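Visitor: Build me a structure from this.
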Amino acid sequence: MDTMAAIRETFFQECEEQLGELEVGLVAMDEGEADSETVNAVFRAVHSIKGGAGAFKLDRLVRFAHKFETALDLVRSEKLALSTAVLKTMLRAADVLADLVKAARTDEPVDEARVESLIDELEGLAEQARGASGGDQANDQVEPLDFQPVMLSIDDEPEAAPTAATTYAIRLTPWPDLYRKGNETVRLLRELARLGEISTACDARALPLLDKLDPEGAYLTWRVELATAQDVAAIEEVFEFVVDDCELEIVPSRSGATGEAPRFSPIADIGVGPSAAEPIESRERSAPDGAARQDEARSQPPRAAQEVEKARPEQGRAEAAAPTIRVDLERVDRLINLVGELVINQAMLSQRVMEAGLARSSSVAAGLGALEQLTREIQEGVMAIRAQPVKPLFQRMSRIVRELTEATGKSVRLRTEGEATEVDRTVIERLADPLTHMIRNAVDHGVEPPDVRAAAGKAAQGEVKLSAAHRSGRIVIEVSDDGAGIDRPRVRAIAVKKELVAPDAQLSDADIDNLLFLPGFSTAASVSNISGRGVGMDVVKRSIQALGGRISISSRQGLGSTFSLSLPLTLAVLDGMVVKVADQTLVVPLTAIVETLRPKRSDVHALGLGGRVISDRGGFVPLIDVGQELGYRDGAADPFGGVVLVVETEVSTRCALVVDAIHDQRQVVIKSLEANYRQVPGIAAATILGDGRVALILDIDTFVARTNRAAPASEPLLAATG
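Guide: Now for the predicted structure:
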């Protein structure tokens, strides 16, 4: 990849971050948090995208961003009231801006009619604001910016400028970030020279001696007097791309019909110590009304930057945040795979040492213990690199809800919680499609139309809630709505009509809810571009199961429904208990194990035909023979000759698993069984043990659910997978 292509890709990566900030800010404004800081953050996001797009001559993107930016600037200056209609327009404009960024990045087509429609709406907001302010006309024309590299000395001959009417004193102190981002002070000075007659001086008194000079530091302050007929906004525009990376002051000093000669000579006065030019004097702002208003976010450094500036040493400004780097995801994935192989090889080495009969107190065993600890720390560190918050995924759902409300005519608000919850990036990527299905179903099937809600005594606007949280070593994501809930009689009737269940089947509420996950099932009365084709929730369930996760439903008639997804935090490794069952080796996830015990005969009781329970802290839980359930043996094992693992599912259901013995507790590398063999009920994945054998990893929730339904033992083919 050449240099410009790499820079262009970095720009689009930064666009994703800016679009995320834009979405967060607009949603906050829509919820009533329209303070100046939030509005300025939204403005800066659009402004940054516009600036970068101009650098790459993405004229269509620049044009739209400029219109959007103009409307936001009117909100910032309180010339445009932030009504519900205005916010809806800006939220749609944010969606179009995201489409234009994607189109510029991938050359995909974009809906030009929608783009022009939003431009008309944004221009309409500008006209509305101008009408309210007495017809002030603003210059709303944007020219594509030319960022071709140039070589220029300060005393280059400037282009002809209009006759000066006002003289401005400008003080510019660049910070290291200004140069680090590829900007040039000389270029800024040349742009100022295009506005009028300038005089420039350089204050170099902060420049240290050579042995103390930081080559990436910034030590110079530029003082400029500019005589120009342009207003202060034109001067601010010169610095609009560097305002967050410098200390900037623009002060109107004097005015006149013909202007005055500049105070400074047009050559830079560069020196060190007392011989350098004196710093520019502070002056009171005395510009006439209209010209005196200077936007704090542009003409002065940001508040945070001012605080950092106060704290920095004389030689350079302290960094406001920890430095970060961008890394190709393929490199991270390769590192993850290598760490997985390291875990496997460490386990194999430990196995060989055990087989050699070396004492645990030997130096070799001690070294292996240190290696195991180091391997775990490396694995945790690498996992942390790939862990990402679910915030970008949740933000994507906001747009889906907006589009669906327009398509259905419903009024629905999306509320999110736990956006900072982190999970493996691979899990996030594969969650996008199933989560989209669930959000669409919540809006289309869950939330009622406004008139129906009003008749039921509900608020006209419905709510869909999307939340995430860490729970028992997993991530739980819930999609809930305050709609009508699942109409179970109707669901059952449709399932019978489609011959998905027998008419005389005895079904609990949970069984009826789970009918929604059957292939071909749909409650939609007609086919639309939203739903009704019988494809959706069955796909969701398969996708979640492929991730080693589970999905469950809870619903109350008239109050709404909640769909819960329980997923592993990572698809790479897990901590497990290695157990022996009928000469086979299995792994039970450690997070599901409550306790281990050797049962007493007085604790085990018969239940029904062949069933058994064991007393557990004042209650009773089912006793399940893992080997018999998986088809490893025909008859039930003697629980008093083995070990019992008391496990708990995500829905707090407990049961006791009978295994023959416990081998070890270790970290294992997860290998997809579905990708390498086939999906097996009750089995989450597989792993490679230290002796090179393959062991199956139990899916506790699915395994317990199947046995609680008194399902027959699995087919003999499962034994072959061991």
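
Visitor: show me where the stretch 151-300 of the chain has helices.
Guide: With helices called from DSSP state H, counting those that start in this stretch, the stretch 151-300 of the chain shows them at 176-180, 185-193, 232-238, 296-299.

Visitor: Which one of the ones you listed lies nearest to Val62?
Guide: Among the helices of the stretch 151-300 of the chain, helix 232-238 comes nearest to Val62, with 13.9 Å by C-beta to C-beta. Every C-beta, even on glycine, is put in place using the N, C-alpha and C of the backbone.

Visitor: Run through the neighbouring helices and strands of that closest one.
Guide: The helices and strands touching helix 232-238, judged by 3 or more C-beta pairs under 8 Å, 6 or more residues apart in numbering; DSSP states H and E, are strand 166-174, helix 185-193, strand 221-228, strand 246-255, helix 296-299.

Visitor: looking at those, which has the lowest confidence?
Guide: Lowest mean pLDDT within the helices and strands packed on helix 232-238: helix 296-299, at a mean of 36.

Visitor: does Val587 sit in a helix, a strand or a coil?
Guide: The local conformation at Val587, judged by DSSP: H, G, I helix; E, B strand; the rest coil, is strand.

Visitor: His663 versus that one, what's the distance?
Guide: Distance of Val587 to His663, given as C-beta to C-beta, to the nearest Å: 10 Å.

Visitor: tell me, what's touching those two both at once?
Guide: Residues touching both Val587 and His663 (C-beta atoms under 8 Å, 6 or more residues apart in numbering): Val578, Val579.

Visitor: need the helices of the stretch 151-300 of the chain in JSON lines with distance to Thr702 and mean neighbour count, can you?
Guide: JSON lines is the format used below for these (distance: least, C-beta to C-beta, whole Å; neighbours: other C-beta atoms under 10 Å):
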{"stretch": "helix 176-180", "distance to Thr702": "52", "mean neighbour count": "16"}
{"stretch": "helix 185-193", "distance to Thr702": "63", "mean neighbour count": "19"}
{"stretch": "helix 232-238", "distance to Thr702": "61", "mean neighbour count": "19"}
{"stretch": "helix 296-299", "distance to Thr702": "54", "mean neighbour count": "18"}
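
Visitor: Which one, of the ones you listed, ends up nearest to Ala206?
Guide: helix 176-180 (12.8 Å).

Visitor: Is Ile477 bridged to anything, and to what?
Guide: Ile477 forms beta bridges with Ala468, Leu565, as assigned by DSSP bridges.

Visitor: May I ask you to confirm that it is in contact with Lys465?
Guide: No: with contacts counted by C-beta atoms under 8 Å, Ile477 stays clear of Lys465, the gap being 11.0 Å.

Visitor: if you average pLDDT over stretch 111-120, what comes out?
Guide: The average pLDDT within stretch 111-120 is 89.

Visitor: Repeat that for stretch 47-58.
Guide: The average of the pLDDT scores along stretch 47-58 is 82.

Visitor: ok, residues contacting that stretch?
Guide: Residues from elsewhere that reach stretch 47-58, judged by C-beta under 8 Å, 6+ apart: 8, 11, 14-15, 18-19, 61-62, 65-66, 69, 97, 101, 104, 144-145, 147, 240-241.

Visitor: circling back: higher neighbour count, Ile477 and Lys465?
Guide: When Ile477 and Lys465 are compared for neighbours, Ile477 comes out ahead with 27 against 17, by other C-beta atoms under 10 Å.

Visitor: neighbours around Ala85, how many?
Guide: Ala85 has 12 neighbours, counted by other C-beta under 10 Å.

Visitor: try Phe64
Guide: 28.

Visitor: which SS state does it fall under?
Guide: helix.

Visitor: nearest spatial neighbour of it, skipping sequence neighbours?
Guide: Once flanking residues are discounted, Phe64 sits nearest to Leu100: 5.7 Å by C-beta to C-beta, 6 or more residues apart in numbering.

Visitor: and if you look at Asp634?
Guide: Here the residue nearest Asp634, using C-beta to C-beta, 6+ apart, is Gln628, at 7.5 Å.

Visitor: surely the one you found meets Ala637?
Guide: Yes: if you go by C-beta under 8 Å, Gln628 and Ala637 touch, sitting 7.0 Å apart.

Visitor: does the residue positioned nearest the centre of the chain belong to a helix or a strand, and which?
Guide: When C-alpha atoms, centre = their mean is applied to the chain, the residue found nearest the centroid is Pro392 (2.5 Å). Under DSSP states H and E, the secondary-structure element containing Pro392 is helix 391-408.

Visitor: Please work out the average pLDDT along that helix.
Guide: On average, the pLDDT along helix 391-408 is 86.

Visitor: for stretch 94-104, same thing?
Guide: Stretch 94-104 shows a mean pLDDT of 89.

Visitor: again with stretch 483-493
Guide: 88.

Visitor: start to end distance for that stretch?
Guide: Counting by C-alpha to C-alpha, to the nearest Å, you get 21 Å between the two ends of stretch 483-493.

Visitor: buried sites along it?
Guide: Gly483, Ala484, Gly485, Ile486, Arg488, Val491, Arg492 (16 or more other C-beta atoms under 10 Å).

Visitor: What of stretch 338-347?
Guide: Using 16+ other C-beta under 10 Å as the test for burial, stretch 338-347 gives Val339, Gly340, Leu342, Val343, Ile344, Gln346, Ala347.

Visitor: Check the residue nearest to Asp634 and give its pLDDT.
Guide: As predicted, Gln628 sits at a pLDDT of 85.

Visitor: chain center to the helix or strand where it lies, what's the gap?
Guide: Secondary-structure assignment from DSSP H and E places Gln628 in helix 626-629. Helix 626-629 has its C-alpha centroid displaced from the chain centroid by 42 Å (C-alpha atoms, centre = their mean, to the nearest Å).

Visitor: Helices of the stretch 1-150 of the chain, start to end?
Guide: Under DSSP H, counting those that start in this stretch, the stretch 1-150 of the chain gives helices at 3-30, 36-55, 59-76, 84-106, 112-132.

Visitor: Okay, buried residues for the third one please.
Guide: Across helix 59-76, burial judged by 16+ other C-beta under 10 Å covers 61-76.

Visitor: How about the longest one?
Guide: Buried positions in helix 3-30, judged by neighbour count with 16+ other C-beta under 10 Å: 8, 11-12, 15, 18-30.

Visitor: element containing the nearest residue to Leu590 once chain neighbours are set aside, please.
Guide: Spatial nearest neighbour of Leu590, excluding adjacent residues (C-beta to C-beta, 6+ apart): Asp575 at 4.3 Å. Here Asp575 sits within strand 573-581, counting by DSSP H and E.

Visitor: Give the pairing partners of that strand; include direction for each.
Guide: By DSSP bridges, strand 573-581 pairs with strand 584-589 (antiparallel), strand 661-669 (antiparallel).

Visitor: export the ones you listed to a markdown table and tack on mean neighbour count?
Guide: Output for the strands paired with strand 573-581, formatted as a markdown table (neighbours: other C-beta atoms under 10 Å):
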| stretch | mean neighbour count |
| --- | --- |
| strand 584-589 | 22 |
| strand 661-669 | 17 |
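
Visitor: Would you mind putting these into JSON lines with distance to Val186 alongside?
Guide: Converted to JSON lines, the strands paired with strand 573-581 look like this (distance: least, C-beta to C-beta, whole Å):
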{"stretch": "strand 584-589", "distance to Val186": "62"}
{"stretch": "strand 661-669", "distance to Val186": "55"}
